[in-house]
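A.B. asks: just a sequence and a predicted model for now, questions to come.
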Amino acid sequence: GESVGLHLPTLSVQEGDNSIINCAYSNSASDYFIWYKQESGKGPQFIIDIRSNMDKRQGQRVTVLLNKTVKHLSLQIAATQPGDSAVYFCAESRSNDYKLSFGAGTTVTVRA
Amino acid sequence: SQTIHQWPATLVQPVGSPLSLECTVEGTSNPNLYWYRQAAGRGLQLLFYSVGIGQISSEVPQNLSASRPQDRQFILSSKKLLLSDSGFYLCASSQGPGELFFGEGSRLTVL
């Protein structure tokens, strides 16, 4: 089965609020994690990544948190906007592996 | 940055017909190339990956095959499509372990 999964398949957020999307992984050997955003009918787009030697990384309006103790990854989106509505996937790999394993995705819907 | 081109974008095929989906990559050389399939409302399943011309690794047994005739060209094929082959097919590229760059996808409907 998949080694990466998301806690909730859907998330509804009020515009302007912060969003938190969670992901659990089971492979303790994984040391590279990445979040993708997929809009309807399009290919996934890179949001942010993090390596296992870090526990937090920030981008523009996004923050990824990594808790290796409980094998948990989260994506925080600040001041969620309608354009943030999409499916969000976490993925993991090992640094010497060319393959990413993806979770099932969380559908985020932003309410106006 | 890398650009991934996929075509056709949409395809409707009868059961038993052949399939050819093509992917080309710009902006990089000697990439690792991947074919993923995404069923409706589901995650991405890795079908094939290639680290070089003529080198194909299959991740799951299936009715599909892949070929890499040129460095930046990756083709997904089938001799006889099944209903279960319907889905959204994504080509991706990477330079070593790490971030994948995805194409816009090819939606296949088998009737």
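C.D. replies: Thanks, I have the structure now.
A.B. asks: SS state for A:Lys42?
C.D. replies: Classification of A:Lys42 by DSSP: H, G, I helix; E, B strand; the rest coil places it in coil.
A.B. asks: A:Tyr36 bridge partners, please.
C.D. replies: Taking DSSP bridges as the rule, A:Tyr36 bridges to A:Phe46, A:Phe89.
A.B. asks: so what's it up against?
C.D. replies: A:Tyr36 makes contact with A:44-47, A:88-91, A:102, B:102, according to Cβ atoms under 8 Å, 6 or more residues apart in numbering or on different chains. Where you see a C-beta, it was placed from the backbone N, CA and C, and this is true even at glycine.
A.B. asks: redo those residues as TSV? Include distance to B:Ser86, neighbour count and pLDDT.
C.D. replies: Listed next are those as TSV, based on distance: Cβ to Cβ, whole Å; neighbours: other Cβ atoms under 10 Å in any protein chain shown; pLDDT from 0 to 100:
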residue	distance to B:Ser86	neighbour count	pLDDT
A:Pro44	20	28	94
A:Gln45	24	13	94
A:Phe46	27	13	93
A:Ile47	28	20	96
A:Tyr88	24	23	96
A:Phe89	21	26	94
A:Cys90	26	29	94
A:Ala91	24	26	93
A:Phe102	19	25	90
B:Phe102	19	22	95
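A.B. asks: farthest-apart pair in the residues you listed, please.
C.D. replies: The distance between the two most remote of the contacts of A:Tyr36 (Cβ to Cβ) is 15.1 Å, for A:Cys90 and B:Phe102.
A.B. asks: what's the average pLDDT for the helix or strand where B:Leu108 lies?
C.D. replies: Element membership of B:Leu108, judged by DSSP states H and E, is strand B:106-110. Taken as a whole, strand B:106-110 carries a mean pLDDT of 96.
A.B. asks: what lines up beside it in the sheet?
C.D. replies: Applying DSSP bridges, strand B:106-110 is found paired with strand B:10-13 (parallel), strand B:87-94 (antiparallel).
A.B. asks: buried stuff in that strand?
C.D. replies: The neighbour-count check on strand B:106-110 (16 or more other Cβ atoms under 10 Å in any protein chain shown) flags B:106, B:108, B:110 as buried.
A.B. asks: now the second one: how far from B:Gln38?
C.D. replies: Put plainly, it is B:Leu108. Distance, B:Leu108 to B:Gln38, by Cβ to Cβ, to the nearest Å: 11 Å.
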